[in-house]
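Participant: Give me a model of this one.
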Amino acid sequence: MSWLLTYNGTTKSFAEWGLSNLRRSRVSQAEDTVSFTAPGLYDAAELFPYGSTITLSYKNDSSGAVAPWFYGRVVQVPRSGSGTEESMDYELAGPWWFLDNLVYQQIWSAGMRPQPYTLAEDEVKLGEETIGETPDEVVYDLIGVYKSRVILGQDPAGDPRSSGEVITDVINYAIASGAPIQLDPEDPIEPDLEIPFDEQQDITCAEAIRRMLRWSPDAVTWFDYSTTPYPTFHCARRSALESLSLALQPSSGSQISNNQISNLQVIPRSDLIVPAVVLKFEQTNTIDGTEYESIVIDKFPLAATGREFAALTATLQLAGFQANYVTQKVVSTLIPLIEDSFWTAHDPTYLTTGTQVSAVIGSSIKSATPYDYELKEGQIQDWMTGKHAREVTYTAQVRTTTFDTDLTTKLKEEIRSVSCTIITTDAVSNTYTQLASLVTGESIPVGLAKALYDSLHPLQYEGSVTLTEEECCSTVATALRAASGFVLNLTGGLTSWETMNALIQKVDEDVDSGRTTISFGPAEQLSPQDLVERLRANRGRGVAFSFIKRTTGESSSGSATVALSGPTPLLNTAGASGQTKLLVVTNNTQKITLDPAQIAALTSAVNELKIRKVSVCDSETGTVRYMLTIASEVFDE
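Facilitator: Numbering: from 1, shown residues only. Sure, this is the predicted structure:
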């Protein structure tokens, strides 16, 4: 097998480049590295300057096939010299370097701009919205801006996003920024937990990924360097990884005789087993300015209490909802048109002049069709669904009686036409409530306790195994040559090792010596080494109080402005003074009746009686004298 290096479009063998001491180290959730040595003067010009992109491949001597082995950039060029030799060592970093050196940003709403609008450098167009109607309509661009304040677990629409979807978005963001990484559409990111929102500021893409994997301590990441044009990023949990089995082949007892295995260490980590996971989701919800505490418990096993020794018990603060309600008190009464009290109540003059309605002769509606109730107090608001109000004018003929100041002596009786205008409604007396504004709270993750339990409860094995071959990963673990995403099992030793499914965290290869060291166990960067470390996964999480602002561009105070709408009760409902249909003047013994209806009964030639001056012959004096009388014009029958 021969090794090839490609730089700046030129491909040469290691021998042709004059290189040696090739080493590669691949680590889950960290930078893969490659190093090699170029002999020569330590103060000579660099063959591969800082930042150069290098591709390493190997060529099968028998078939001649060339396969990619590493892709990275030069990150350091240490120079060394002694009395016997001088050299430059080159250190390369894999694609994770780009994740470590790129701040993750998300798009936040920045409002609307009327067209035409030229986007600023940091702005993106999210869509369009038309306001108004033709010909006065205005088309606006919906503007977004990248911000380094991010809410992990939330998609651009403000909805929850699983941990795997967050990692996918982070990788795609890095790719869009120029990182030489690709994803396999046939192998989606496997951790897919519902997680709490996690608001962070100025974190790198690498840190965003690690924060997601804190919820999946049994997950590993790796790059497949056999793909082109760039390495492919993978991430999977322990249960989804393929198994890599190595045969120890002991000859007697526990002595390892296989000369390909030069070192072995296996430690069962029973101390990391978690007997239970209890998560307490705490929210402070606000209703009309009053705060209410809410706690929802997610646990596994279901019988867990959280008081078990070594149990993972944690309280997670979630953003609560903010709700504001508007209320409207309404007082209404049935409309009793035939009752005397209705008309007396709607003409205050009756209460001050000693006049009372003694009978309602007939009533009618002068305007729109009424509802059954009269609005006495309150207001019918637009938000009162199914409730209506309408102004209606009523008319009626009523018999009224006027009393003297003693309220017992009748002065007159009359039949009058009266009218009043009131607000009618179909709303009965009640206090009506409507939600005026709502800032939704953070949704509570489902199944998170069980997922953590499934990650932390199974026994994990920690250790390392060193293989020495003619070529690294050429005979025993050939699958490791391209990718490190496996769980490790060992045969020929303890029975439990055959199914231990140990997570491979790191693979170190010394190409010149043919030595490969496989390190396995819990992730050092993430996995809980003790209870305190487990709880750290939650302590650094930021409660996402800005998750509404990201999608709307508006700070949510939870307050609401509600415009008043609808009619209010009419305070002065009496119409203009009605016509008197019948007038009776009385002293309780004698009475004078004025009834216009009698005119029509006597003659059709007269429509009106007036006070008139007439001459009369005074029989006592024999002279013409005058008097005033109520009479009609003279007429003929």
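
Participant: residue nearest the centroid of the chain?
Facilitator: Taking CA atoms, centre = their mean as the criterion, Gly158 is the residue nearest the geometric centre of the chain, at 3.9 Å.

Participant: mind checking how far that one is from Glu509?
Facilitator: Separation of Gly158 from Glu509 (CB to CB, to the nearest Å) stands at 46 Å. (C-beta placed from N, C-alpha, C; glycine too.)

Participant: circling back: now do the residue nearest to the centre of the chain, the pLDDT please.
Facilitator: On the pLDDT scale, Gly158 is placed at 87.

Participant: Where does it sit, in terms of helix or strand?
Facilitator: Assigned by DSSP states H and E, Gly158 belongs to no helix or strand.

Participant: from now on call the first residue 727
Facilitator: That works, and once the first residue is 727, the last one we named lands at Gly884.

Participant: Just checking the distance from stretch 1013-1020 to the centre of its chain.
Facilitator: Distance of stretch 1013-1020 from the chain centroid (CA atoms, centre = their mean, to the nearest Å) equals 19 Å.

Participant: scratch that, stretch 942-957
Facilitator: Counting by CA atoms, centre = their mean, stretch 942-957 comes out at 31 Å from the chain centroid.

Participant: Output that stretch as CSV, nothing but the C-alphas.
Facilitator: Once non-C-alpha atoms are left out, stretch 942-957 reads as follows in CSV (Å, rounded to 0.1, in the frame of the first residue of the first chain):
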residue,chain,number,x,y,z
SER,A,942,-27.9,11.5,24.2
PRO,A,943,-24.8,10.5,26.1
ASP,A,944,-24.6,7.2,24.1
ALA,A,945,-24.2,9.0,20.7
VAL,A,946,-21.0,9.4,18.7
THR,A,947,-20.0,11.4,15.7
TRP,A,948,-17.6,10.6,12.9
PHE,A,949,-16.6,11.5,9.4
ASP,A,950,-16.5,9.1,6.6
TYR,A,951,-13.4,10.0,4.6
SER,A,952,-14.1,7.6,1.7
THR,A,953,-16.7,9.9,0.2
THR,A,954,-16.1,12.7,-2.3
PRO,A,955,-15.9,15.6,-2.8
TYR,A,956,-15.9,16.0,1.0
PRO,A,957,-16.1,13.8,4.0
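
Participant: Okay, buried residues for that stretch please.
Facilitator: 942-951, 956-957 (16 or more other CB atoms under 10 Å).

Participant: And for stretch 953-972?
Facilitator: Buried, per 16+ other CB under 10 Å, within stretch 953-972: 956-964, 967, 970, 972.

Participant: Can I take it that Ala934 is in a helix?
Facilitator: Yes - looking at Ala934 with DSSP: H, G, I helix; E, B strand; the rest coil, it is inside a helix.

Participant: That one contacts Ser889, doesn't it?
Facilitator: No - the criterion here is CB atoms under 8 Å, and Ala934 misses it with Ser889 at 10.5 Å.

Participant: Looking at these two now, which is surrounded by more residues?
Facilitator: Higher neighbour count among Ala934 and Ser889: Ser889, with 29 against 26, using other CB atoms under 10 Å.

Participant: My guess is the more buried one contacts Glu916. True?
Facilitator: No - contact criterion CB under 8 Å: Ser889 and Glu916 do not qualify, at 9.8 Å.

Participant: Do you have the helices of the stretch 727-876 of the chain handy? List them.
Facilitator: Ranges of helices in the stretch 727-876 of the chain, per DSSP state H, counting those that start in this stretch, are 740-743, 822-826.

Participant: which residues are in contact with the longest one?
Facilitator: In other words, helix 822-826. 755-758, 798-799, 801, 896-897, 900, 903-907, 930-932, 935, 949 (CB atoms under 8 Å, 6 or more residues apart in numbering).

Participant: With just CA atoms, put it into PDB.
Facilitator: Taking C-alpha atoms only, helix 822-826 is exported to PDB below (Å, rounded to 0.1, in the frame of the first residue of the first chain):
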ATOM      1  CA  TRP A 822     -14.600  19.400  12.700                       C
ATOM      2  CA  TRP A 823     -12.100  22.400  12.700                       C
ATOM      3  CA  PHE A 824     -14.700  24.400  10.700                       C
ATOM      4  CA  LEU A 825     -17.400  23.600  13.300                       C
ATOM      5  CA  ASP A 826     -15.000  24.700  16.100                       C
END
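
Participant: avg pLDDT for it?
Facilitator: 98.

Participant: what lines up beside the host helix or strand of Ala1049 in the sheet?
Facilitator: Taking DSSP H and E as the definition, Ala1049 sits inside strand 1048-1060. Partner strands and pairing direction for strand 1048-1060 (DSSP bridges) are strand 1003-1013 (parallel), strand 1099-1103 (antiparallel), strand 1156-1165 (antiparallel).

Participant: May I see the buried residues of it?
Facilitator: 1048-1050, 1052, 1054, 1056-1058.

Participant: helix or strand right after that strand?
Facilitator: Following strand 1048-1060 in sequence, per DSSP H and E, is helix 1066-1071.

Participant: In that next one, which residues are buried?
Facilitator: Neighbour-count burial for helix 1066-1071, with 16+ other CB under 10 Å as criterion, is recorded at 1066, 1068-1071.

Participant: Export that helix to CSV, keeping only CA atoms.
Facilitator: Output of helix 1066-1071 as CSV, limited to C-alpha atoms (Å, rounded to 0.1, in the frame of the first residue of the first chain):
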residue,chain,number,x,y,z
ASP,A,1066,-97.0,50.1,32.5
SER,A,1067,-93.7,50.2,34.3
PHE,A,1068,-91.7,49.9,31.0
TRP,A,1069,-93.0,53.2,29.7
THR,A,1070,-92.9,54.9,33.0
ALA,A,1071,-89.2,53.9,33.4
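
Participant: gap between that helix and the chain center?
Facilitator: For helix 1066-1071, the distance from its own C-alpha centre to the chain's C-alpha centre is 57 Å (CA atoms, centre = their mean).

Participant: just stretch 1229-1246 next, same as before
Facilitator: The answer for stretch 1229-1246 is 45 Å, by CA atoms, centre = their mean.

Participant: Now the helix or strand harbouring Val1086: buried residues?
Facilitator: Remark: Val1086 resides in strand 1081-1091, with elements defined by DSSP H and E. For strand 1081-1091, the neighbour count (16+ other CB under 10 Å) marks 1081-1083, 1086, 1089 as buried.

Participant: now stretch 850-860
Facilitator: Those would be Leu852, for stretch 850-860 by 16+ other CB under 10 Å.

Participant: what does it contact?
Facilitator: By CB under 8 Å, 6+ apart, stretch 850-860 touches 833, 835, 838, 841, 845, 863-872.

Participant: And those residues, which two are furthest apart?
Facilitator: Glu863 and Tyr872 (30.1 Å; CB to CB).

Participant: Those two: which is more packed in?
Facilitator: Tyr872 (16 against 9).

Participant: Walk me through the domains of the protein.
Facilitator: 728-820, 967-992+1185-1253, 1053-1150, 1322-1363 (automatic domain parsing).
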